[in-house]
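Participant: this is a predicted model, with the sequence first.
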Amino acid sequence: MHRLDGVAPVIGPGAAGTHGRNAVDDVGAVQGVDGSRATRSGRVRICLVAGEPSGDTLGAELLKGLRTRLPGATFVGIGGPKMLSAGLEGWYPQEALAVRGLVEVLRHLGPILKIRSGLIRRLDREPVDLYVGIDAPDFNLPVERTLRRRGVPTVHYVGPTIWAWRPGRVKRIRAAVSHLLVLFPFEEPIFRRAGVTASFVGHPLVREAAEGASRVETREELRVPHTGSVVALLPGSRVGEIERMARVLIEAARLVHAKRPDSVFLVPFVTRETREAFEACVWALGARDLPIRLLFGHARKALVAADVAIVTSGTATLEAALAGCPTVVSYRLSGFTYWLIRRLARVRAVALPNLLLGEFVVPELLQAEATADNLAQATLNLLDEPALRGRLIRRFAVLHDQLREPRGGSAADVVAGLIRGGQTA
């Protein structure tokens, strides 16, 4: 969801906004019987576009909330398996947009631009009452700007990380977005001061964490032994990330297992393609003897069950913290992309827990430091020191309070309010 993790400079939770109400009504759509906007067909029609798996999770939760608040509404656009299961009519495969890194995007630029222009043309032929771009700002903001100029209100879900890098993007955001939904409380006042109507809507991972099963129950469900060490390996949600991270994670697992023969490794995947890429690496390294359990989905369950996790930088670092799982964060990009991001970045940390808590709580091993030896040693340090794991878990608990959804101000509440032509939360 976030470029090189992309969140929060060191700003305390006291910087949260007032969550005031702001009318946004820049469309001339047909009014339904209940006063809500509707297309000429008489039914509310919303386009949602999520460009990657983390956005798919957010979009699925939003869809479920909207279906209860807007009965009879139809939803179209681009999403992954979770959004499709929640009722989205998919127009293009999400995998085509799931590319991270500047150099990596350039390699896939032609197909991405073709999808974007095709999406705009289809929305001209099949109008919608509202467009919701979920993260993926480089794809969604140009679409949002075009549609808003044509009278369609636009919502962007997940604030682009202007405080972390490329602050000049706020001008594009202000021109493209009718209402911005942000996941972190410090973001609302930042965007409001820049002239962008924004609402903090809480982070859905907090709700998922509160509703989850215990570690004992989760290990029983996953058939993981209650004795011995359990390590979760989260190599990323894109094939490109698997190609960069799988080898070093498997080699690190081998080193950990040599020191702790009772250890078990849980590796969740969001797509068949990423799982197959990881399996191919296991075979190539002759690592089939390692006790590696591959899971389809179940990332949260793997984190709850684990004593420690090695996580590829991204939203998964926050998911691990909210699951109460001590974490080692790692990432590799192309050399040029990493150099450029480091030159442009306005924050030192990349892991979400570190950024949100304003301190280096979890170790970050990036680029040249992301070696099997370093990852294995950092993991063993956490496994060998229960007191250190306990301190991390206590610090992670602070995040639950920071990111809890405001009452009556969920993402679905705001979007439904826009459709009804009323006030936003």
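Facilitator: Right, received. Where do you want to start?
Participant: average pLDDT across stretch 391-407?
Facilitator: What stretch 391-407 shows for mean pLDDT is 88.
Participant: go on, stretch 200-215?
Facilitator: The model assigns stretch 200-215 a mean pLDDT of 83.
Participant: contacting residues around it?
Facilitator: 16-17, 19, 57-58, 61, 181-185, 187-188, 218, 221, 300-301, 304-305, 315, 318-319, 322-324, 399-400, 403-406, 409-411, 413-414, 425 (Cβ atoms under 8 Å, 6 or more residues apart in numbering). Quick note: C-beta positions are derived from backbone N, CA and C, even for glycine.
Participant: let's see that with 6 Å instead.
Facilitator: Residues outside stretch 200-215 that contact it (Cβ atoms under 6 Å, 6 or more residues apart in numbering) are 17, 61, 181-183, 185, 188, 304, 319, 322, 400, 403-405, 409-411.
Participant: now swap in stretch 384-400 and tell me
Facilitator: Contacts of stretch 384-400 (Cβ under 6 Å, 6+ apart): 206, 321, 324, 326, 356, 361, 382.
Participant: and the contacts of stretch 200-215, which are buried?
Facilitator: Among the contacts of stretch 200-215, those classed as buried by 16 or more other Cβ atoms under 10 Å are 17, 61, 181-183, 185, 188, 304, 319, 322, 400, 403, 405, 409-411.
Participant: for those residues, work out which two are farthest apart.
Facilitator: 17 and 304 (31.6 Å; Cβ to Cβ).
Participant: ok, and the closest non-adjacent residue to residue 122?
Facilitator: residue 91 (6.5 Å; Cβ to Cβ, 6 or more residues apart in numbering).
Participant: isn't there a helix covering that neighbour?
Facilitator: No. Counting by DSSP: H, G, I helix; E, B strand; the rest coil, residue 91 is not part of a helix but strand.
Participant: in stretch 315-328, what's buried?
Facilitator: 315-328.
Participant: farthest-apart pair in the residues you listed, please.
Facilitator: 315 and 326 (17.6 Å).
Participant: the stretch 101-250 of the chain: strands as residue ranges?
Facilitator: Along the stretch 101-250 of the chain, counting by DSSP state E, counting those that start in this stretch, strands occupy 130-134, 154-157, 179-182, 198-200, 230-234.
Participant: now render those as CSV, adding distance to residue 268.
Facilitator: Listed next are those as CSV, based on distance: least, Cβ to Cβ, whole Å:
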stretch, distance to residue 268
strand 130-134, 21
strand 154-157, 24
strand 179-182, 27
strand 198-200, 29
strand 230-234, 7
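Participant: show me the contact partners of stretch 61-71.
Facilitator: With Cβ under 6 Å, 6+ apart as the criterion, stretch 61-71 contacts 44, 75, 86-87, 204, 411-412, 416.
Participant: picking that back up, out of the strands of the stretch 101-250 of the chain, flag the one nearest residue 255.
Facilitator: It is, among those and with distance given as Cβ to Cβ, strand 230-234, at 11.3 Å.
Participant: low-scoring stretches of the stretch 1-150 of the chain, by residue?
Facilitator: 1-42, 98-108 (pLDDT under 70).
Participant: try 90
Facilitator: Judged against pLDDT under 90, the low-scoring parts of the stretch 1-150 of the chain cover residues 1-43, 51-55, 57, 81, 93-113, 136, 138.
Participant: what ranges do the helices span in the stretch 151-300 of the chain?
Facilitator: Remark: helices assigned in the stretch 151-300 of the chain by DSSP state H, counting those that start in this stretch are 170-176, 187-193, 204-211, 215-222, 239-259, 272-284, 299-305.
Participant: turn those into TSV, including distance to residue 113.
Facilitator: Formatted as TSV, these follow (distance: least, Cβ to Cβ, whole Å):
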stretch	distance to residue 113
helix 170-176	17
helix 187-193	27
helix 204-211	30
helix 215-222	42
helix 239-259	19
helix 272-284	22
helix 299-305	31
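Participant: most tightly surrounded among these?
Facilitator: helix 299-305 (a mean of 26; mean count of other Cβ atoms under 10 Å).
Participant: which residues touch that one?
Facilitator: 212, 215, 218-219, 222, 224, 230, 232, 266, 268, 295, 309, 320, 323, 325.
Participant: and what of stretch 266-279?
Facilitator: 53, 232-233, 237, 239, 242, 246, 292-295, 298-299, 302.
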